[in-house]
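Colleague: Sequence first, predicted coordinates after that:
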Amino acid sequence: MKPMIYLDNNATTPLDPRALEAMMPYLKEKFGNAASRNHAFGWEAEAAVEKAREQVAAVINASPKEIVWTSGATESNNIAIKGTVRMYRDQGRHVITQVTEHKAVIDPCKYLAGEGVETTFLGVDRQGRISMDELRAAVRPDTVLVSIMFANNEIGTIQPIAEIGAFCKERNIIFHTDATQAFGKVPIDVEAMGIDLLSVSGHKIYGPKGVGALYVRRRKPRVRCEAVLHGGGHERGMRSGTLNVPGIVGLGAAAEIALREMPAERVRVARMRDRLWQILDSQLDDIYLNGDIVNGLPGTLNVSFSYVEGESLMMGFSNIAVSSGSACTSASLEPSYVLKSLGVGDELAHSSIRFSLGRFNTAEEIEQAGRQVVATVRRLREMSPLAEMAAEGIDLSKVQWAGH
Ligand SMILES: *Cc1c(COP(=O)(O)O)cnc(C)c1O
């Protein structure tokens, strides 16, 4: 068996060995509860948690006091959305978000409909970006929250965050961004970008799973969130529960490494992504780039390969771990809603592959992966009746399929 090549870093990243090393003492002898005020075990844990708060805050130019620990970005998004909308319910019941958000934003917004909250879902252009004009037009006197992700997990597209932030400030609307994929990979400044709430996840930045953070602005304006979990009043009442000290220490270490290595890593990862696209594009016809390679995440490459199915492709190059935009990755039979929002047709959405590169990939792996993808696409196309028909000059979009 060939060794596996991991190109699914947007799904989860391996734990950086340096983050693991930082965590180890807190899984062993330094096991104290950070809320224990009466002895050294507690003080030691609390000091570690506060250091991690500084490490996470530094990545986004926030103050450590503005960081709330959570179990991951799903929880951070839930607190940011449900928590603020409920807190400000007397000021309005309208939220604006957009169609390519992660389900951890879409579902809380939909859930709030049951509490009388209306949500507007903005559409996106062919690259997956919202239009500022549409955002301006969607705002109502009762709009309390705008939630727009920093960068998309499937296609890597980066939204015009600073423009959205400036607009929300002007209109006194709270601005939340799900920055799970962008944190530590591209520069983020909550002050310069006018961000009020920002979600982070440990396992997308080479930290551990099951831990995340929510940035909550404390001044200009002071943003308040109702708790979603109630208990001991930890984390300024916003998130009760004994802190996951080893996880938090790992997330802090991962954040510090990401910030320090970002300038070099961004360039290196983007170069590998560009090389992979160059291999595919120079050797295969009828392939399409989904998203935005120019203004997108450095490591994300989403490609549709006409006439072959994503699932068959993934089975064809079984030693490369990637994701596909076709059905089997989810419980439904629908192709990716993100790709459909861009206007990608069902056929091409089903034939898409997301390659997400990261810190631990090597240039040699990219050469190998590129060769294998090319070979697999060629082999599958040789067996594909669709490719044969297209080669004969038949316009597939005009074909009447039985049963359709
Ligand atoms: C992975 C991801 C999430 C969910 O994060 P968890 O920490 O796994 O809950 C939310 N939003 C985006 C954009 C993601 O990529």
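Modeller: Cool, got the structure.
Colleague: Can you pull the phi/psi pair for R354?
Modeller: The phi/psi pair for R354 (degrees, to the nearest 10) reads phi -100, psi 120.
Colleague: S326 is in contact with that one, correct?
Modeller: No. In this structure, R354 is not within contact of S326 by CB atoms under 8 Å, at 10.9 Å. To be clear about C-beta, it is placed using only N, CA and C from the backbone, and glycine gets the same treatment.
Colleague: if I pick N33, what's in contact with it?
Modeller: 41-42, 45, 242-243, 245 (CB atoms under 8 Å, 6 or more residues apart in numbering).
Colleague: From these, keep the buried residues only.
Modeller: 45, 243, 245 (16 or more other CB atoms under 10 Å).
Colleague: sorry, back to before: could you point out which of the contacts of N33 is nearest to the ligand?
Modeller: Of all the contacts of N33, L243 has the smallest distance to the ligand: 16.3 Å, by CB to the nearest ligand atom.
Colleague: doesn't A35 make contact with that closest one?
Modeller: Yes. Counting by CB under 8 Å, L243 touches A35, with 7.3 Å between them.
Colleague: shared neighbours of the two, which are they?
Modeller: H234.
Colleague: Which helix runs longest in the chain?
Modeller: In the chain, taking DSSP state H as the definition, the longest helix is helix 245-283.
Colleague: Could you point out the helix or strand that follows that helix?
Modeller: On the C-terminal side of helix 245-283, the nearest following helix or strand under DSSP states H and E is strand 287-290.
Colleague: Can you list the helices and strands that that following strand packs against?
Modeller: helix 245-283, strand 300-305 (3 or more CB pairs under 8 Å, 6 or more residues apart in numbering; DSSP states H and E).
Colleague: Going by proximity to the ligand, name the top residue of this protein.
Modeller: Closest point on the chain to the ligand, by CB to the nearest ligand atom, is G72, at 2.7 Å.
Colleague: So that residue versus T180, what's the distance?
Modeller: 9 Å (CB to CB, to the nearest Å).
Colleague: Pull up the overlap in contacts between these two.
Modeller: Shared contacts of G72 and T180, counting by CB under 8 Å, 6+ apart, come down to S201.
Colleague: So these two - more neighbours on which side?
Modeller: T180 (27 against 22; other CB atoms under 10 Å).
Colleague: tell me the SS of that one?
Modeller: coil (DSSP: H, G, I helix; E, B strand; the rest coil).
Colleague: That one and N153 touch, don't they?
Modeller: Yes. Applying CB under 8 Å, one finds T180 in contact with N153, separated by 7.1 Å.
Colleague: pLDDT weak spots in the chain?
Modeller: Per-residue confidence for the chain (pLDDT under 70) gives these ranges: 327-333, 399-404.
Colleague: Contact residues of the stretch 1-150 of the chain facing the ligand?
Modeller: 72-74, 102, 104, 149 (CB under 6 Å from any ligand atom).
Colleague: picking that back up, okay, and the common contacts of T180 and N153?
Modeller: Counting by CB under 8 Å, 6+ apart, the residues touching both T180 and N153 are H102.
Colleague: Please name the residues that touch P187.
Modeller: Contacts of P187 (CB under 8 Å, 6+ apart): M262.
Colleague: host element of it?
Modeller: Assigned by DSSP H and E, P187 belongs to no helix or strand.
Colleague: re earlier: with secondary structure added, can I get the contacts of N33 in CSV?
Modeller: Below are the contacts of N33 laid out as CSV (three-state DSSP):
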residue, secondary structure
F41, helix
G42, helix
A45, helix
T242, coil
L243, coil
V245, helix
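Colleague: For A22, state which of these is nearest.
Modeller: Distance to A22, by CB to CB, is smallest for V245 among these, at 11.4 Å.
Colleague: re the thing from before, same list, the residues of the stretch 1-150 of the chain next to the ligand, but as CSV with secondary structure please.
Modeller: Output for these, formatted as CSV (three-state DSSP):
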residue, secondary structure
G72, coil
A73, helix
T74, helix
H102, coil
A104, helix
M149, coil
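Colleague: of all those, which two lie farthest apart?
Modeller: Farthest-apart pair in these is G72 and M149; separation 15.2 Å (CB to CB).
Colleague: where does G165 fall, phi/psi-wise?
Modeller: According to degrees, to the nearest 10, G165 has phi -60, psi -50.
Colleague: Now it: closest residue in space, sequence neighbours ignored.
Modeller: Distances taken as CB to CB, 6 or more residues apart in numbering place G194 nearest to G165, at 2.6 Å, with adjacent residues excluded.
Colleague: Quick check: that neighbour is in a strand.
Modeller: No. Using three-state DSSP, the assignment for G194 is coil, not a strand.
Colleague: show me what contacts it?
Modeller: Going by CB under 8 Å, 6+ apart, G194 touches 162, 164-166, 168-169, 175.
Colleague: try 6 Å
Modeller: G194 makes contact with 165-166, 169, according to CB atoms under 6 Å, 6 or more residues apart in numbering.
Colleague: tell me the phi and psi of it?
Modeller: Torsion angles, degrees, to the nearest 10, at G194: phi 60, psi 40.
Colleague: before we move on, what about the one 4 residues further on?
Modeller: The main-chain torsion angles of L198 are listed as degrees, to the nearest 10 and equal phi -150, psi 130.
Colleague: Might one say that it is in contact with A182?
Modeller: No. Assessed by CB atoms under 6 Å, L198 is found out of contact with A182, at 9.3 Å.
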